[in-house]
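1. What shape does this take:
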Amino acid sequence: MSTSPSIRTENLSIHFGGHAAVNNVTCAFHPGELTVIVGPNGAGKTTWFNLVSGQLRPTQGRILLGERDITTLSPSQRARAGIGRAFQLTNLFPKLSVFENVRLAVQGKARQGHRLLARTAALTTLTEKAMDFLEQTNLAAVAELPAAALPHGDQRKLEVAMLLAMEPDIFMFDEPTAGMSVDEAPIILELIARIKRDSSRTILLVEHKMDVVRALADRIVVLHNGELVADGDPTEVMDMELVRDIYLGTGTDEVA
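-> Numbering: from 1, shown residues only. Prediction:
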């Protein structure tokens, strides 16, 4: 693992009225590492994700991508800088086809937009790349359907296909298997495991299913009441008395 963080937060906080939803969180993440962020409902996990990806601006603290301060950058600017975010709820273009959703993501990565439409060779390359990402996510057979026509599980897979098409350095997944059937979830988990095999990528994953945490995590970060209360090896963290107290009564299959 690289000793230089790919992304980190320093004293990151956000207040809504008198409530600190995220409170003074300092944490660094490295290439080749998959970190699962866990915590009970209301712990601040998704809020912290929203701060890192730019949907929210912090009350204090900063976010650094390498040595670059990105605290004031917009979500689109952060995406261009290499941060890719898959949301807990699907974030698609519902009236466009499955294929067009992915092709737009490929074009966004190419940064050439509609100028490519007049160039046959470039358009062919876009088409081939888009279809490759659809094949990776088992969506090629429904490429011409509107995104809105897909069942929920396939919409989640489409969002992952779009994220893959952006080829980010940092992947952020917010409960990627939420709402998916037992048969559908393994496809997403295999895609994440495949990304993890690339040691240049950093993966942040908010999750509450213990089987997913066990299968994927190199490291666990625990948030509680907006504060970072534990950070380290998955087995050691989940054996901590403090963490057991936080999850007392939640059952053995869910940790957040």
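2. contacts and neighbour counts: CA atoms only from here.
-> Noted.
3. show me where the stretch 51-200 of the chain has strands.
-> For the stretch 51-200 of the chain, strands defined by DSSP state E, counting those that start in this stretch occupy the ranges 60-65, 68-69, 83-86, 170-174.
4. The longest one pairs with which strands?
-> Strand 60-65 has the following strand partners under DSSP bridges: strand 7-16 (antiparallel), strand 68-69 (antiparallel).
5. thinking again about what came up before, residue 35: which of the strands of the stretch 51-200 of the chain is closest?
-> strand 170-174 (9.8 Å; C-alpha to C-alpha).
6. tell me which residues in the closest one are buried?
-> 170-174 (16 or more other C-alpha atoms under 10 Å).
7. Show me which of those residues is closest to residue 138.
-> So of those, ranked by how close each gets to residue 138 (C-alpha to C-alpha), first place is residue 173, at 18.8 Å.
8. For the helix ranked longest in the chain, name the packing helices and strands.
-> In the chain, ranked by residue count with DSSP state H as the criterion, the top helix is helix 120-136. In this structure, helix 120-136 packs against helix 98-110, helix 152-165, with contacts taken as 3 or more C-alpha pairs under 8 Å, 6 or more residues apart in numbering; DSSP states H and E.
9. Of all those helices, which one is nearest residue 60?
-> helix 152-165 (28.9 Å).
10. between that closest one and helix 98-110, how many degrees?
-> Between helix 152-165 and helix 98-110, the angle comes out at 20 degrees (axes from the mean of the first three to the mean of the last three C-alpha atoms, to 10 degrees).
11. which residues touch the residue lying closest to residue 226 once chain neighbours are set aside?
-> Spatially, and ignoring its direct neighbours in sequence, residue 226 is nearest to residue 22 (4.0 Å; C-alpha to C-alpha, 6 or more residues apart in numbering). By C-alpha atoms under 8 Å, 6 or more residues apart in numbering, the residues touching residue 22 are 12-15, 44, 47-48, 225-227.
12. taking those as a set, which two sit the farthest apart in space?
-> Those two in these that are separated most widely, counting by C-alpha to C-alpha, are 12 and 225, at 13.8 Å.
13. Compare neighbour counts for the two and give me the winner.
-> Taking neighbours as other C-alpha atoms under 10 Å, residue 12 and residue 225 compare with residue 12 leading, 24 against 18.
14. Got the phi and psi for the nearest residue to residue 207 once chain neighbours are set aside?
-> Excluding the flanking residues, the one nearest residue 207 by C-alpha to C-alpha, 6+ apart is residue 175, at 4.8 Å. Main-chain dihedrals, residue 175, degrees, to the nearest 10: phi 50, psi 70.
15. Does residue 175 touch residue 210 like I think?
-> No: Residue 175 is beyond contact range of residue 210, at 11.9 Å (criterion: C-alpha atoms under 8 Å).
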